[in-house]
Structures are given as C-alpha cells and as structure tokens.
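Trainee: Sequence plus the predicted model coming up.
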Amino acid sequence: MNNSQNFHFKLGERFLENYAAPPEDPLGELSHFEMAIRRFCFEYDHKVSIEIGDEKIQVFLDPDICMILDDTLPEQIRKLSQGKPIEIDFAESCTLSIKLVPTDDRISCTLSKFGVSGWEKVFEFDRTHVLDVLRGFLQEVMQLAVDKGYITLEEKEEFIRPAFASSTDAAVLSK
C-alpha cells in the first residue's frame, strides 16, 4: 500500500468539443434540477483532473461528473464520512473505479483500471483530506452551475447538504 497525500479532483479548462448530443428528456421523467445539471455539464463542459498517488486521470464534466452527480455524489460523501465504503466509477471517458474504504483516521483507496489492459493500485490517505477534497470539488462544480445560471443557490445548497451534514466526521469512528 502506498501512503500518499496526492489525492485531488481539480476542475480544469473548458472543453469545447461535444461528442454527444445535448441532453434530452422526451418522456419528461427528469426534474427541473436534474435537467439543469445535465445541460450545465454538457453546455459548460470542463476537463477534470484526478490525481491519486502517482496516477493522473482526465475525465470530463460531461459525461463523467454528470453521471456521478446523478448517482448522488453528496450522498456518497455522507456515507464515506460515516465510515461506510463507497465506489466511484468512471465508465465513459476512462474505465476506472475508485473504491474508498475508511478505517479509523485513514482511507484505503483502491484505484482499478478495468478492461483489456486492467490494473489495480492501492493507496492510503488521511480521512479528513479525502473528505475535504471531495466536498471542495462538489462545492466548486455546483457553484459554477449557480454562477452560470443553470441552478439557483438554494437548489445547490439543498443538493450538496448531505455531503456536509454528517456529524460523524470524527477522525476515529470505532471508539
């Protein structure tokens, strides 16, 4: 296991090439908020740099981050803060899975590349650092959606609330 402090999710430069069609909801199944986030990720696409240990991965707001927002990233962060393992998958731009398992004041991170040339690496990080990075990234992306007029500040606050609502962020949950 590699001990490292290199765990970062960074919003990068705008990405102006759209390879997919704009988001649609022909059956009207999505809420206003869900469509607004999808439109934001598509119309205001950015590169996203993920650094975990010695690995540097590039994904995009559309479709990668949009998909993990659909999978309720705030709820995943809440679970992690409560000592429960989570998994974040990036199956579109890259075939990558990030499994985060908290133990006391540390988080074991298994980075798995799947597909033809698959591999797996395990890192260990400070629990508070990982939670701060994930919450900070979520906050940054959602604030950009507010700044660009896709969602309201109230919608943003309601959506991200679970990620910040946990009072169980204590460094050691097992005590």
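Mentor: All right, it came through fine.
Trainee: What does the pLDDT read for residue 116?
Mentor: What the model reports as pLDDT for residue 116 is 80.
Trainee: That one: which element?
Mentor: Assigned by DSSP states H and E, residue 116 belongs to no helix or strand.
Trainee: Can you pull the phi/psi pair for it?
Mentor: Phi and psi for residue 116, reported as degrees, to the nearest 10, are phi -60, psi -50.
Trainee: Can you give me the distance of residue 25 to residue 160?
Mentor: 23 Å (Cβ to Cβ, to the nearest Å). Just so you know, the C-beta spots here come from the backbone N, C-alpha and C atoms, and that holds for glycine as well.
Trainee: ok, residues contacting the lengthiest helix in the chain?
Mentor: Across the chain, the longest stretch assigned as helix under DSSP state H is helix 127-147. If you take Cβ atoms under 8 Å, 6 or more residues apart in numbering as the criterion, helix 127-147 is touched by 5, 7-11, 36-37, 40, 44, 61, 65, 69, 73-74, 77, 80-81, 100, 102, 104-107, 109, 151-153, 155-156, 159-160, 163-164, 169, 171.
Trainee: and these, which are buried?
Mentor: Buried subset of the contacts of helix 127-147 (neighbour count, 16 or more other Cβ atoms under 10 Å): 7, 9, 36-37, 40, 44, 61, 65, 69, 73-74, 77, 80-81, 100, 102, 106-107, 109, 151, 155-156, 159-160, 163-164.
Trainee: Torsion angles phi and psi at residue 151?
Mentor: phi -140, psi 160.
Trainee: Please name the residues that touch it.
Mentor: So residue 151 contacts 33, 36-37, 40, 142, 145, 159 (Cβ under 8 Å, 6+ apart).
Trainee: Quick check: the farthest pair among the residues you listed?
Mentor: 40 and 159 (12.1 Å; Cβ to Cβ).
Trainee: rewinding a little: buried residues in the longest helix of the chain?
Mentor: By neighbour count on 16+ other Cβ under 10 Å, the buried set for helix 127-147 is 127, 130-131, 133-135, 137-138, 141-142, 144-146.
Trainee: Show the subsequent helix or strand relative to that helix.
Mentor: For helix 127-147, the following helix or strand on the C-terminal side (DSSP H and E) is helix 153-164.
Trainee: counting contacts, what elements does that next one pack onto?
Mentor: Packing partners of helix 153-164 (3 or more Cβ pairs under 8 Å, 6 or more residues apart in numbering; DSSP states H and E): helix 32-43, helix 73-81, helix 127-147.
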